[in-house]
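A.B. asks: Here's my sequence, what's the structure:
(one chain, ligands or ions: 1)
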Amino acid sequence: MIKARIAASGSYVPETVLTNHDLEKKIDTSDEWILGRTGIRERRIASKDESTSDLAVKAARRALEAGGISAETLDLIIVATSMPDMFFPSTACIVQDKLGATGAAAFDLSAACSGFLYALSVGEQYIRSGTYQNVLVIGAEVMSRLTNWDDRRTCILFGDGAGAVLLSPSKSDRGIASVHLHSDGSLWDLICVPGGGSAIPPSEKVLLEQLNTIRMKGNETFKVAVRNLEEVALQALSADNLSASDIDWLIPHQANIRILKAVANRLKFPQEKMIINLDKYGNTSAASVPLAFDEAVRDGRINEGDTLLFLAFGGGLTWGASVVHY
Ligand code: COA
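C.D. replies: The predicted structure follows:
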């Protein structure tokens, strides 16, 4: 069976920086509280005229440039997002148009903060089956437009950004070893945006009560996240007959430094080998894993030959892990 490899990557974050000190001026919070409880110092905020597809396109162009391929040669574009440009058409179709990827099929995938890993697994299947040669998997989010800026329990956490990877067939036995995905829909209400869809359509009440923004049960989410991330990491390692010490770099979803430290402790994994950038960007949902990955490739930490473990967790609930021989 042909393996899929990550042939190139790219990422993009908007220019505007919103620091904890900026938030201190808007809500009852402090830099000390946010940093201590989450590890986040600042996040990026899309400008008024930037939508999710704009962020996605910038990350995609960088990935195509790094891979040395033109947009016309793309077979498939998958955009993982919780904040599409509009309900339909898909953000992936808008990205396809902006890139000029005229030969590609395009669709969105919704799995909240685990969206990138879910999309990676789909793209991988198309390469493995021999159906496609060039698949662009993008995680892109404008979380700032799903955020209730009056809710200090959630507005401190999220930020905007995009990351993209180009999947191609591997010519060796290196590549994506496996992807492991899980969901527990019974816990859907731990993190959700209840209003604005078909269950509670847009109305004055939705806007007044800000039902079109993120609701989260932080404490419960925290505990489930630690437990599930540990379990799925062990599942991915054992599927490839690896132990934690075989992993050169762990690239986790960037939700909270305390979640990451707890998972590292349980896995007996050294924190120095985790790619962490949540201090700069907060939780960028589906964008966080490809954004962290691309930054670490570009600054020379991740190199060809490294064994990587991707880990993600998010609303749904959804969670997953993937071992990649890069
Ligand atoms: N600034 C200052 N105080 C704050 C605050 C803020 N931004 N947000 C909450 N507080 C207060 C609360 O009001 C509460 O005060 P009280 O005891 O007087 O009511 C106190 O801090 C503790 O609140 P709590 O919600 O229990 O804090 P916590 O330790 O659980 O931390 C999170 C909150 C959100 C940081 C934490 O629960 C978390 O990160 N959960 C996981 C969330 C996550 O990762 N979601 C995305 C998954 S993809």
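A.B. asks: okay, and for the chain, where does confidence drop off?
C.D. replies: For the chain, no stretch is flagged by pLDDT under 70.
A.B. asks: which parts of it sit against the ligand?
C.D. replies: Counting by Cβ under 6 Å from any ligand atom, the residues of the chain close to the ligand are 29, 33-34, 37-38, 113, 152-153, 156, 191, 216, 218-219, 221-222, 225, 255-256, 259, 283, 313-314. Any C-beta I mention is one placed from the backbone N, CA and C, and that applies to glycine too.
A.B. asks: which non-adjacent residue is nearest the residue in the stretch 151-300 of the chain that the ligand sits nearest to?
C.D. replies: In the stretch 151-300 of the chain, no residue comes nearer to the ligand than G218, which is 2.8 Å away by Cβ to the nearest ligand atom. Closest residue to G218 apart from its sequence neighbours, by Cβ to Cβ, 6 or more residues apart in numbering: R153 at 5.9 Å.
A.B. asks: What number of neighbouring residues does that neighbour come out with?
C.D. replies: Other residues lying near R153 total 15 when counted by other Cβ atoms under 10 Å.
A.B. asks: and it, how far is that from D173?
C.D. replies: Applying Cβ to Cβ, to the nearest Å, the value for R153 to D173 is 46 Å.
A.B. asks: repeat for R266
C.D. replies: 30 Å.
A.B. asks: The two - which one has more neighbours?
C.D. replies: Counted by other Cβ under 10 Å, R266 and D173 do not tie: R266 has more neighbours, with 16 against 8.
A.B. asks: Tell me who's in contact with that one.
C.D. replies: 226, 230 (Cβ atoms under 8 Å, 6 or more residues apart in numbering).
A.B. asks: So it lies in a helix, does it not?
C.D. replies: Yes. Counting by DSSP: H, G, I helix; E, B strand; the rest coil, R266 is found in a helix.
A.B. asks: List the buried residues in stretch 57-67.
C.D. replies: Burial within stretch 57-67, assessed by neighbour count using 16 or more other Cβ atoms under 10 Å, is assigned to 57-64, 66-67.
A.B. asks: Give me the nearest residue to Q96, chain neighbours excluded.
C.D. replies: A106 (4.3 Å).
A.B. asks: go on, I302?
C.D. replies: Closest to I302 by Cβ to Cβ, 6+ apart is A296, at 4.4 Å.
A.B. asks: How far off centre is the strand or helix carrying the one you found?
C.D. replies: According to DSSP states H and E, A296 maps onto helix 288-298. Centre-to-centre, helix 288-298 and its host chain are 10 Å apart (Cα atoms, centre = their mean, to the nearest Å).
A.B. asks: just to revisit the earlier point, any idea how many residues pack against the residue nearest to I302?
C.D. replies: There are 20 residues near A296, going by other Cβ under 10 Å.
A.B. asks: Kindly report the same for F87.
C.D. replies: Look at F87: counted by other Cβ under 10 Å, it has 9 neighbours.
A.B. asks: dump the residue contacts of it.
C.D. replies: By Cβ under 8 Å, 6+ apart, the contact set of F87 is empty.
A.B. asks: What ranges does this structure have for its helices?
C.D. replies: 20-24, 31-38, 52-67, 91-99, 115-128, 204-208, 218-239, 257-267, 278-281, 288-298 (DSSP state H).
A.B. asks: Sort out which residues of stretch 190-200 are buried, please.
C.D. replies: Buried, per 16+ other Cβ under 10 Å, within stretch 190-200: 190-196.
A.B. asks: Tell me which residue of the stretch 1-150 of the chain lies closest to the ligand.
C.D. replies: Of all residues in the stretch 1-150 of the chain, the one sitting closest to the ligand is T29 (3.3 Å; Cβ to the nearest ligand atom).
A.B. asks: Quickly note the distance from that residue to D306.
C.D. replies: According to Cβ to Cβ, T29 and D306 sit 38 Å apart.
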